[in-house]
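In: quick one, structure for this:
(3 chains)
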Amino acid sequence: MFKKSLFFAVALVSMTGVAEARDQIKIVGSSTVYPFSTVVAEQFGKTTSFKTPVVESTGSGGGLKLFCAGIGVKHPDITNASRRIKKKEVERCEKNGITDIVEVKVGYDGIVVANSKKSEMFKLTRKDLFLALAKDIPAGEGKLQPNPHKTWKDVNSSLPAVKIEVLGPPPTSGTRDAFAELALEGGCKKFKWIKAMKKGDKALGIKKDKKAYKRLCHTVREDGAYIEAGENDNMIISKLEANPKALGIFGYSFLDQNADKVQGSTIGGNAPTFENIADGSYPVSRPLYFYVKKAHIGVIPGIEEYMQEFAAEKTSGPDGYLGDKGLISMGDVERARRKEIVMNLGNLKLN
Amino acid sequence: MTEMTFQMPDLPKGLAKRHKAEKRFRLMALASVLLGLIFLAVLFINVLTSGADAIRQSKVRLDINLQINDFGGSKGPDIQQLKNANYQGIIKRTIYKNFPEVKSRRDKRGLYRLVSSGAAYELREFVLDDPSKIGTSISIWLPASDDVDMIMKGKVSRTASSDVRRLSDQQMEWLEKLEAEGNLETKFNWTLFSSGDSREPELAGVAAAMVGSLYSIIVCLIISFPLGVMAALYLESFAPKNRFTSFIEVNINNLAAVPSIVFGLLGLAVFLNFFELPRSAPLVGGMVLSLMTMPTIIIAGRVAIQGVPPSIKEAALAEGASPVQAVFHHVLPLAMPGVLTGTIIGTARALGETAPLLMIGMVAFVVDVPKSILDPATALPVQVYLWSDMPEKGFAERTSAAILVLLAFVGLMNLTAVLLRKKFEIRW
Amino acid sequence: MFEPDQKKVELVPQTRNWRERAIMLTLLGASSVAVLTTVGIVASLIFESIQFFRIVPFTDFVFGLHWSPQMAIREDQVGSSGAFGAIPLLVGTLLISAVALTISAPVGLMSAIYLGEYASPKMRSIIKPTLEVLAGIPTVVYGFFAVVVVAPLLRQGGESIGLSVSSESALAAGFVMGIMTIPFVSSISDDAISAVPASLKEAALGLGSTRSEAIKNVIVPAALPGIAGGILLAASRVIGETMIVVMAAGLTAKLTLNPLDAVTTVTVQIVTLLTGDQEFDSPKTLSAFALGLLLFTITLALNVTAIKIVKAYREQYD
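Out: Reported below is the predicted structural model:
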């Protein structure tokens, strides 16, 4: 009995030494694209003769790391990202022999600031968000002070006198990146002298200091008012339900699914609705992408077909089934351009 | 009472006090036991009540006319045509026929949304199973969408606003009409046990995760059982009393208490990064779990071997058996029930382990049931973790259902261990 | 040789000796796998940690009061300061562990006393295995339960008496962990108590003390080292517990001792660091291994101490 099982153990270990061919697409990447990617993968697996692709949520950066590690069955074929690939990442890919990448834009995702339906809806502006959540805020022209605000009323007298308590994603997530870039920086720019730092302004006598500008605008306070609640968006919802005073930051799709529990705050007077995000009047939304390794097309079966499924009108068009999951589809022009890329497998170009 | 010494108290008043203290102490002890038991009860009741809802799933009955034209004409369809037929179209056609008053494109779409997007897959399965039904009319129950399911189960109030229901007033009317005609009912949810993960709650099941767990556990057993038993035999029966032996012993005792996540880090650094084994594979999961389980098996094995009276081994030796023969032929068979009990308990723990699997990438979206130990897979506890994060409300009850399945397996294994111990318990 | 089975008893001693030696070596090899595992763990942790300490000074890691590793994950990303001080994580871990042990140590001990001294044998045979079910439930189930039941309850309870309880409070995670480790403490306490010679207890009872007096003044003090060892083992278990805190505790490293606040733990950070964004050679990814090393060292120290205490104590009465 022992010999037999020992034999099995040895056989098992030696088996793994043999490189095996893969007939299943492997996808990694952003947790924001994950819900969309999995729906497409499932649809693809059930309606074609290909196997259902395996999707793993590793975060945008983590996905690109695995993606750029090399060519071969061990490495993923596709990575999802809730931000565009960076130049540094393209270079790393090139270093590992991945020179041809196809970039496919999926659509848009809104980022919402929501609270429990048991409380009053918040009417916020990007400036409010910046003043409530930044680590340092301006104290007069050119001067900074650590964020002193304790309640929303301190930030803006029209807001309720509720303690600032915001549950949001950690910086590992693309959502945080986008939130910092769109909401916080959007509010930060409202201060003229800060905005001037970005490009420099001779009239105001301010030198160009992009780094300081970014540090100021993107740094979130760490004194407990902003609580990093993980990338588990559903948990944020249940925590908001339990704590009606708190606000939470997450993707639009989660708001859409939980409309009975939470409500999205308006930002600059615009409510986070499908229409407002699609036409851009809701200011905090970002594009979603996936990247395909061209060298794997034709080697791993089904990659091209998967791309076509994703880009099809019935999938990510205005009435596509991804819309049910909260994806905001792109405009006609962008969709036409994407169709062309998917058909011709056009290479990624970073400007 | 803490300064109590052993003087004989002679006052009856003191005696009464002491008896009172005795009673208090006893009650406190009982309360402690009850606290644990109550928590256990609340946990089970909570998971059971919430998970029980997932056992049923709302289904819509459709009388579908499978026209020969749908499958490429009268010649008799080939398998490819059967696979690629427009099942969604067939279902749409059938529903629209039931509601002739629905005309506009938008309303039609709203009507179709009452049925799950998985209905077309199920119809496809049905036709592929029995192509002879083509050309006839069939009556088939197909899954309703999760929004309908939530209404049917009373998880969402029918009078809630359409935002909350995720169904428009018009859709509610249709739903109630279907229900009144007896064409919308909740039925036993086979899908939960027969299919893999899905993004639609009504199509999601634990089958793929169960198979993933099974593979991991088999790999874990194949590695840890022989190694664990051999190590236990060696340490208990043969090892010389020297420094190396006691070093091994200290090691094993420590390993048994090392946090599981550290084993995950080991798996990530050694198995994945160094040996470049595939990510998300049950093989690696099983290997990591086996390292965790082995100390448990060794420790249980040693206790079992210790329990065999030395006289048995000595008798064998006296009859001329070699030490190895005495141990393998006489001591080990007698110790086996104990060894197996320890193995099962260790394996049950491995089955419920999540953290190390997160480190080696066994947290993927896996729809297809894995076919080998190298295919990407998840495990049952990981499925629980993944579903607890899903936005759709239908997943809340399915998380509880997955917990129930997990608990059932863990419970079954532990029960087997207890029975095994009872049955083969020998008092020397 | 009266044994009829020729296969079982070799008649040629030399072959037998050779085979025996081979078997012995195999057995020795199997035992060494445990050592190999430890070596593997230590080597992989240290190897990655050394790379980490090349970037972040060791003292900054061990004595730093500020943990915020997330920020510098990309060159162009500006977040907050990006600091790798493990103290807030340790404090968070200890806070949650303290909550857990305040529950499991007394409750576990008292349960053991009840089952050992008061319960009828029949009751004991039912209650003991039932309580042990608590230890067999997978931790992911506890995590889920903590999030959907315990945390909201604590929050509402706190609110009704005017306390603000964070929805990711150390209390919720700690409470659930405490319940989980009850059988752990109680079974080791049980062993320790039943190892106390009956003569001691009988002498106390014979001198006229009540049962509780005998327990409090004689049995428990005599069994104390064993009980302490058990609690230490429970502590090591709680410190290394992952899923419950991943699901129920927070991510913000906050230096606080208030159990109503949200804190984060070493294990939570390891999981977050390794399942989120990963960067080549970034201190962020490497820091997970440094945290792993820290965790391994702490639990190792606890385990060794506990095992020593329990062993020394056992010998005392053997």
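
In: find the centremost residue of chain C, please.
Out: residue C:237 (0.6 Å; CA atoms, centre = their mean).

In: is it correct that that residue is in contact with residue C:181?
Out: Yes. Residue C:237 is within contact range of residue C:181, at 6.1 Å (criterion: CB atoms under 8 Å). Every C-beta, even on glycine, is put in place using the N, C-alpha and C of the backbone.

In: thought residue A:83 was touching residue A:182?
Out: No. The criterion here is CB under 8 Å, and residue A:83 misses it with residue A:182 at 11.2 Å.

In: which neighbours do those two have in common?
Out: residue A:286 (CB atoms under 8 Å, 6 or more residues apart in numbering or on different chains).

In: ok, now which ones touch residue A:290?
Out: A:27, A:29, A:33, A:37, A:78, A:79, A:80, A:81, A:104, A:106, A:310.

In: can you check the pLDDT for the fourth one?
Out: In this prediction, residue A:37 carries a pLDDT score of 93.

In: what lies in contact with the one helix or strand it maps to?
Out: Using DSSP states H and E, residue A:37 sits in helix A:34-47. The contact list for helix A:34-47 (CB under 8 Å, 6+ apart) reads A:25, A:27, A:29, A:50-55, A:57, A:80, A:106-107, A:253, A:288, A:290, A:302, A:305-306, A:309-310, A:315-316, A:321-322, A:325-327, B:117-118, B:121, B:198-200, B:203, B:365, B:367-368, B:391.

In: tell me the contacts of the nearest residue to residue B:285 once chain neighbours are set aside?
Out: Sequence neighbours aside, residue B:216 is the residue nearest to residue B:285 in space, at 4.1 Å (criterion: CB to CB, 6 or more residues apart in numbering or on different chains). Residue B:216 sits next to B:282, B:285, B:286, B:289, B:350, B:357, B:362, B:377, B:379 when contact means CB under 8 Å, 6+ apart.

In: now swap in residue B:185 and tell me
Out: Contacts of residue B:185 by CB under 8 Å, 6+ apart are B:58, B:59, B:61, B:141, B:179.

In: and what of residue C:83?
Out: C:60, C:64, C:66, C:67, C:68, C:69.

In: my read: the fourth one touches residue C:84, true?
Out: Just to be clear, that refers to residue C:67. Yes. Counting by CB under 8 Å, residue C:67 touches residue C:84, with 6.8 Å between them.

In: those two: who's more crowded?
Out: Set residue C:67 next to residue C:84 and count neighbours by other CB atoms under 10 Å in any protein chain shown: residue C:67 wins out with 27 against 24.

In: which strand or helix spans the closest residue to the more buried one other than its chain neighbours?
Out: Counting by CB to CB, 6+ apart, residue C:253 is the residue found nearest to residue C:67 once chain neighbours are left out, at 3.6 Å. Using DSSP H and E, residue C:253 sits within no helix or strand.

In: tally up the residues packed near residue C:253, please.
Out: 27.

In: can you name the residue of the stretch 101-250 of chain B nearest to chain A?
Out: In the stretch 101-250 of chain B, the residue found nearest to chain A is residue B:164; the distance is 3.7 Å by CB to the nearest CB.

In: from chain C, how far out is that residue?
Out: 20 Å (CB to the nearest CB, to the nearest Å).

In: related to what we said a few turns ago, what sits up against the helix or strand following the helix holding residue A:37?
Out: For helix A:34-47, the following helix or strand on the C-terminal side (DSSP H and E) is strand A:54-56. The contact list for strand A:54-56, computed with CB under 8 Å, 6+ apart, reads A:24-28, A:34, A:37-38, A:41, A:76, A:80, B:279-280, B:361, B:363-366, B:376.
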